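Peer 1: Sequence and predicted model, in that order:
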Amino acid sequence: MTDGLIPAAELARRSQVRFPNESAEYRAARTALLAEEIALRRHIERVAALRRALPPGGEVGGNYRFQGEDGPASFADLFGDRQSLAVYSYMFGPQRQRPCPMCTNLLDALEGNAADIGQRMALVVVARSPIERLAAWKRERGWKNLRLYTDLDGNYSRDYHGVLPDGSEVPSLNVFTRRDGPPRHFWSGEMTGETADPGQDPRGAPDLAPLWTVLDMTPEGRGTDWYPKLEYDR
């Protein structure tokens, strides 16, 4: 027992799940994998607890200006009536003809959960293209629940790592809180190219995109040279 928990290997051995015509070899390997999956689940929980226990981050001090579909907004306005706010920096600056397909794939998934997420926290998407362009893309994509905002002067995007010093865009997810007073930064995904393992694209853990999680369940995996597109031939 560790921390009062039954060891993962023991829980895996207790599993009664079996499938038609599986071999003893398959079952032994699957039981070993199940133990690792249980251990991974527990590690995810430990990481989440460490994240929740972070000390207060830096106070949000920039005079950030945004434009939403309903008009101008301050940073505080992005919270609505919630105490926590997640801001996704969308790679869709004015220099792009079309937005980043990888970002769009992730936002497609968040769109499906945005109404539920909104019951617990605020979620917004910030990009540097004019709001008219963002709204037109939102209609084209069929999004109903995502809240899109233009970063009017780009200051937020630069300060919170949606734009690099050389002007190039990168995806960025930042979480803020105002539970103890003025808005403060709480957490950001900081796994960049510098933290990537050999042969892997930069990725966070857990991976926010369901696409990759599902592909990881297959014999082929996510691959090394396939990426989602904005459109597919039907």
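Peer 2: Ah, there it is. Numbering: from 1, shown residues only.
Peer 1: hey, let's count contacts and neighbours off CA atoms from now on
Peer 2: OK.
Peer 1: tell me the domain ranges of this structure?
Peer 2: Residue ranges for the domains of the chain, per automatic domain parsing: 1-53, 65-188.
Peer 1: Now for residue 210, how many residues are close by?
Peer 2: 13 (other CA atoms under 10 Å).
Peer 1: so who does it touch?
Peer 2: By CA atoms under 8 Å, 6 or more residues apart in numbering, the residues touching residue 210 are 106, 109.
Peer 1: mean confidence for stretch 63-83?
Peer 2: Averaged across stretch 63-83, pLDDT comes to 97.
Peer 1: what comes up buried for it?
Peer 2: For stretch 63-83, burial by neighbour count (16 or more other CA atoms under 10 Å) applies to 64-68, 73, 75, 78-79, 82-83.
Peer 1: now stretch 153-164
Peer 2: Buried residues in stretch 153-164, defined by neighbour count with 16+ other CA under 10 Å: 154-157, 160-163.
Peer 1: what's the first-to-last distance across it?
Peer 2: Terminal residues of stretch 153-164 lie 15 Å apart, using CA to CA, to the nearest Å.
Peer 1: Stretch 88-96 too?
Peer 2: 17 Å.
Peer 1: roughly how far is it from the heart of the chain?
Peer 2: A distance of 16 Å separates the centroid of the chain from that of stretch 88-96, by CA atoms, centre = their mean, to the nearest Å.
Peer 1: Now do the SS call for the residue positioned nearest the centre of the chain.
Peer 2: Of all residues in the chain, the one closest to the mean position by CA atoms, centre = their mean is residue 208, 3.9 Å from it. Following DSSP: H, G, I helix; E, B strand; the rest coil, the label given to residue 208 is coil.
Peer 1: Return the most buried member of the domains of the chain.
Peer 2: Of all the domains of the chain, domain 65-188 carries the top mean neighbour count, a mean of 17, counting by mean count of other CA atoms under 10 Å.
Peer 1: which residues touch residue 9?
Peer 2: Neighbours of residue 9 in contact, by CA under 8 Å, 6+ apart: 32, 34-36.
Peer 1: Which parts of this structure are helices?
Peer 2: For the chain, the helices defined by DSSP state H occupy 8-14, 24-52, 101-117, 131-141, 155-159, 210-215.
Peer 1: Turn these into CSV, including distance to residue 184 and mean pLDDT.
Peer 2: CSV is the format used below for the helices of the chain (distance: least, CA to CA, whole Å; pLDDT from 0 to 100):
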stretch, distance to residue 184, mean pLDDT
helix 8-14, 38, 97
helix 24-52, 14, 97
helix 101-117, 20, 97
helix 131-141, 26, 98
helix 155-159, 13, 97
helix 210-215, 29, 93
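Peer 1: Next, the contact list for residue 86, please.
Peer 2: By CA under 8 Å, 6+ apart, the contact set of residue 86 is 121-124, 173-176.
Peer 1: try it again with 10 Å
Peer 2: 78-79, 121-125, 173-177, 186-188 (CA atoms under 10 Å, 6 or more residues apart in numbering).
Peer 1: Name the nearest residue to it, sequence neighbours excluded.
Peer 2: residue 175 (4.3 Å; CA to CA, 6 or more residues apart in numbering).
Peer 1: coming back round to it: which one among the contacts of residue 86 gets closest to residue 150?
Peer 2: Among the contacts of residue 86, residue 125 lies closest to residue 150 (CA to CA), at 8.6 Å.
Peer 1: surely the closest one meets residue 69?
Peer 2: No - using CA atoms under 10 Å, residue 125 is not in contact with residue 69, being 11.8 Å away.
Peer 1: list the residues that contact both of those two?
Peer 2: Both residue 125 and residue 69 are contacted by 134, 147-150, under the criterion CA under 10 Å, 6+ apart.
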